[in-house]
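A.B. asks: Would you be able to build a 3D model of this:
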Amino acid sequence: MVQRKIRLSVDEVKDFVDTACKCDFDIDIAYNRYIVDAKSILGVFGLDMSKVLTVTYNGYNTEFEHYLNHLAIAC
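C.D. replies: The predicted structure follows:
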């Protein structure tokens with residue numbers, strides 16, 4: 001199980017969901033107690049974009065990893 005902290009702007013949501021949809025494993029994105037499917041554009045739009053979000057997944061996809069590196073924040 002991998003967890004990554006990211007910041008996501010409203011403009012980046014569509015690209016994030018499109019990239020997540022290309023993965024053959026489940027991906028969740030969360031803020032506090034709200035957890036949604038990262039492949040759901042409505043679910044992701046329902047999160048507070050001004051906060052740090054946690055992406056949780058159990059798998060590997062090169063394109064998704066590169067995209068997360070672009071969005072990652074320093075911990």
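A.B. asks: Packing partners of the one helix or strand Gln3 maps to?
C.D. replies: Taking DSSP states H and E as the definition, Gln3 sits inside strand 2-6. Where contact means 3 or more C-beta pairs under 8 Å, 6 or more residues apart in numbering; DSSP states H and E, strand 2-6 is packed against strand 53-57, helix 62-71. In short, each C-beta sits where N, CA and C put it, glycine included.
A.B. asks: got the ones you listed as a markdown table, with distance to Phe45 columns?
C.D. replies: A markdown table is the format used below for the helices and strands packed on strand 2-6 (distance: least, C-beta to C-beta, whole Å):
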| stretch | distance to Phe45 |
| --- | --- |
| strand 53-57 | 12 |
| helix 62-71 | 16 |
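A.B. asks: Out of these, which gets nearest to Ile6?
C.D. replies: helix 62-71 (4.0 Å; C-beta to C-beta).
A.B. asks: Report the rounded mean pLDDT for the closest one.
C.D. replies: Throughout helix 62-71, pLDDT has a mean value of 95.
A.B. asks: one step back: mind listing what's buried in the strand holding Gln3?
C.D. replies: Arg4, Ile6 (16 or more other C-beta atoms under 10 Å).
A.B. asks: Ok, stretch 24-40 next?
C.D. replies: Applying 16+ other C-beta under 10 Å to stretch 24-40 flags Ile27, Asp28, Ile29, Tyr31, Val36, Ala38, Lys39 as buried.
A.B. asks: Kindly report the same for stretch 45-62.
C.D. replies: Leu47, Leu53, Val55, Tyr57, Asn61.
A.B. asks: Stretch 61-75 too?
C.D. replies: Asn61, Phe64, Tyr67, Leu68, Leu71.
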